[in-house]
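[1] for reference, the sequence and a predicted model appear below.
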There are 2 protein chains.
Amino acid sequence: MQAEVVWGDRWSENSLTMAHTYMEVACRKKSLVCLAADRSTMAELNQLIDEVGPHIAALKTHVDLVDDWSAEAWTAFCSKANSADLLVFEDRKFADIGGISRKQMSGIYDIRSWADLVTAHLISGPDIVDGLQAGWNDVGRQGGVLLLAQMSSRGNLLVPDYTGKVVSVGKNHAGVFGFIGNGSRPEELKVLRKAVGPGKLIWTPGVNLAVGDGEMGQRYGSPREAILAGSDCIIVGSGIHKAQNPSHKAQAYADASWSAFVERSQSRNAV
Amino acid sequence: MQAEVVWGDRWSENSLTMAHTYMEVACRKKSLVCLAADRSTMAELNQLIDEVGPHIAALKTHVDLVDDWSAEAWTAFCSKANSADLLVFEDRKFADIGGISRKQMSGIYDIRSWADLVTAHLISGPDIVDGLQAGWNDVGRQGGVLLLAQMSSRGNLLVPDYTGKVVSVGKNHAGVFGFIGNGSRPEELKVLRKAVGPGKLIWTPGVNLAVGDGEMGQRYGSPREAILAGSDCIIVGSGIHKAQNPSHKAQAYADASWSAFVERSQSRNAV
C-alpha cells in the first residue's frame, strides 16, 4: 500500500521528511503503535525490541533513566532498533530556550545522533523547535519535534488556552512533526484534530485494549476510537510490556490500530 | 551576621532545609550571586570555580551539554564546588510527570547525588515537585526545586495567568525552594514578589552591571534594583565569564548584590 495514498492529506500537507518516514514505516509494519520503553537497563530495552519489534513502528525511550547506559551499548541498541525498522523517539520533554536545547542535543547522550523524534514543551517559545532542528543539522541528520499539546497528569497546566497557543504556533512550523495529545477521550481528540488541521501528526498515550483498565484509576481510550478521532499513532506502555505474552499483545495493538486506520482512510476516500 | 536575622521573614517562613542553607552561604560569602556556568568542557567549568568561586554563592550548571563529561570528572568538579562553599544548581528544567522525573534524577548523570537545586516547569502538575524530592530522598539527600515562574525568551508561554498558577501552587508546596523570575524589569519583579509572599526565594537572570548592554537587544536590569524589588539571588552569565577579569567582575557583582541586600534588610527592620 502506497503511503502517500493511504495517508492522504497528512502526507501532502506535511513537508517534514521525518513525517513521511514515519508514515512509510507505519505502512510497511501495518502498525500505528509506539511502544513506551520506559526501562532502566539496557538488557530490558534490548529484550523489548526482540519481543515486539516486528509489531511496532516506533520505540519511545528515556535515555536519562537507564542506569547501565554506555555509549557503545546505546549505539548497539539503536542499530537493533533501526534493523527492526523502528523510529527511535526520545521523550526528553525539552523545555529550555533554543540555544540551550540545541546544545542539550549533544553532550554525552548525543541525542541528535540517534533520535528520530523528540518531545518538547513550547513553554519557552518557538525558538526551541529551531534549536532542536539545528541540533540534528549539526550532525547532518534530520528529525522531528513532537510538541506537548495535552497531558493527563493531575493538575497539569496544559489548559485549553495553552493548548490552543501550542497548536497555533506548531501547526505552522516546518520543524514540527506533530503533537502529543490525550488518547483517552475521543471527543476531545476530535477537537484537537480539528484545531491542528490535516497536516501535522497527533500521537496519543492513554490508550489501552482493555478500556478503563488503568492503574490508580487512570482512564484509557480504545485504540480504534483514538485513531478514528484523529490520532496517527497510539503510544502504549504497560498494555504491552506487562502482558503475559508481549509479542502477541503488540500484534493485537498493531492490528487494532491498522484496521482503524484503514477504516479512516477508506471513509475519507469515500467522501 | 546571623542569617536568620538578616533574612527575616524569608528565613522564618521557608521551612526547606536547602533554603536555609542558601541563606547561610549567601551571608558567609556576602554574595547573592549565582554564576551561570554554561560551559561545554570540564576544564572550563573547573577554571570558573578557580577564578570566581570566592565571590559567588551558587553555580548553575547544564550537565547534559558537557562534551567530555565523565562520572569521575564531575564528582571532582562538585567536590571543588563544595570546597568553595558553593551550591550546585542544575538548570535541568524538568518537565515530565512526577514518576519519570524521579527516575530522571538518577541514570548516568545521577543528578540527585550532587545537585543541591534543580529547575522544573510546573506544566505537568505539582507531582513533579514530589517526584524530584523523592529522587533526592532515594539517596538520603535533601534539595530544593526552583519553579519557572517567568522567562524572557521570545514568544514564551509563561503569561501572567500561567505565572499566577505556578506561584499559587508553588508557594504552598514545602518542596519548593522558590521561583525563577525575570530580573530585567524591577516593577514586574515587585508584582511577582507580592504574589509569592515573604517565604519562597526568587532567583533572577536578566541582570547585568552594564544595564541595557545585552547581546541581540536583550535588556538587562541592575543588580541593585533586582534585589530591592525582591530578588534573592542574581543569576549572571556572560557579565562575569566574558569579562576581561572574571574574578574582579564577580567581586563587583557580589558587592552590588550584598549592599542592596543589606539596604533591603535594614529598610525592612526600620519599618
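    Arrived safely, thanks for sending. Numbering: from 1, shown residues only, chains lettered A, B, ... in the order given.
[2] where does A:Arg28 land in three-state SS?
    For A:Arg28, the assignment made with DSSP: H, G, I helix; E, B strand; the rest coil gives helix.
[3] distance of it from chain B?
    Distance of A:Arg28 to chain B, computed by C-beta to the nearest C-beta, to the nearest Å: 30 Å. Quick note: C-beta positions are derived from backbone N, CA and C, even for glycine.
[4] same check on A:Ser31?
    In terms of C-beta to the nearest C-beta, A:Ser31 sits 25 Å off from chain B.
[5] ok, A:Phe77 next?
    Going from A:Phe77 to chain B by C-beta to the nearest C-beta gives 14 Å.
[6] element containing the closest residue to A:Ser101 other than its chain neighbours, please.
    In space, and not counting its chain neighbours, A:Ser101 is closest to A:Gly131: 4.0 Å by C-beta to C-beta, 6 or more residues apart in numbering or on different chains. Here A:Gly131 sits within helix A:127-138, counting by DSSP states H and E.
[7] what helices and strands are in contact with that helix?
    The helices and strands touching helix A:127-138, judged by 3 or more C-beta pairs under 8 Å, 6 or more residues apart in numbering or on different chains; DSSP states H and E, are helix A:98-104, strand A:117-120, strand A:144-148.
[8] spell out which residues of the stretch 151-271 of chain A are next to chain B.
    Applying C-beta under 8 Å from any C-beta of the partner chain, we find that the stretch 151-271 of chain A lies next to chain B at A:Met151, A:Ser153, A:Arg154, A:Gly155, A:Asn156, A:Leu157, A:Leu158, A:Asp161, A:Tyr162, A:Lys165, A:Val166, A:Val169.
[9] tell me who's in contact with the fifth one.
    Counting by C-beta atoms under 8 Å, 6 or more residues apart in numbering or on different chains, A:Asn156 makes contact with B:Ile123, B:Ser124, B:Gly125.
[10] just these now: which is nearest chain A?
    B:Gly125 (3.6 Å; C-beta to the nearest C-beta).
[11] that closest one against A:Ser152, yeah?
    No: between B:Gly125 and A:Ser152 there is no contact under C-beta atoms under 8 Å: 9.6 Å.
[12] and the residue nearest to A:Ser101, what does it touch?
    Counting by C-beta under 8 Å, 6+ apart, A:Gly131 touches A:Ile97, A:Gly98, A:Gly99, A:Ile100, A:Ser101, A:Arg102, A:Met105.
[13] could you identify which of these has the most neighbours?
    Among the contacts of A:Gly131, the one with the most neighbours (other C-beta atoms under 10 Å in any protein chain shown) is A:Met105, at 29 neighbours.
[14] next one: A:Ser267, what pLDDT does it get?
    The model reports A:Ser267 with a pLDDT of 86.
[15] for A:Gly155, grab the count of nearby residues.
    A:Gly155 - counted by other C-beta under 10 Å - has 12 other residues nearby.
[16] tell me the angle the helix holding A:Gly131 makes with strand A:144-148.
    160 degrees (axes from the mean of the first three to the mean of the last three C-alpha atoms, to 10 degrees).
[17] quick one: helix A:127-138 to chain centroid distance?
    Helix A:127-138 sits 18 Å away from the centroid of its parent chain (C-alpha atoms, centre = their mean, to the nearest Å).
[18] which residue is nearest the middle of chain A?
    A:Trp203 (5.0 Å; C-alpha atoms, centre = their mean).
[19] what's the distance between that residue and A:Gly99?
    According to C-beta to C-beta, to the nearest Å, A:Trp203 stands 27 Å off from A:Gly99.
[20] what do you get for A:Asn46?
    35 Å.
[21] stretch A:56-73 and chain B, any residue contact?
    Yes: legend: contact between stretch A:56-73 and chain B by C-beta under 8 Å from any C-beta is shown at A:His62, A:Val63, A:Asp64, A:Leu65, A:Val66, A:Asp67, A:Trp69.
[22] shaky segments in chain A?
    Within chain A, the stretches with pLDDT under 70 are A:1, A:211-218, A:269-271.
[23] longest helix in it, by number of residues?
    When chain A is parsed with DSSP state H, its longest helix is helix A:246-270.
[24] now it: buried residues?
    Within helix A:246-270, the residues scored as buried using 16 or more other C-beta atoms under 10 Å in any protein chain shown are A:246, A:249-254, A:256-258, A:260-261, A:264-265.
[25] can you check stretch A:199-210 too?
    Neighbour counts over stretch A:199-210 (16+ other C-beta under 10 Å) mark A:Gly199, A:Lys200, A:Leu201, A:Ile202, A:Trp203, A:Thr204, A:Pro205, A:Gly206, A:Val207, A:Asn208, A:Leu209 as buried.
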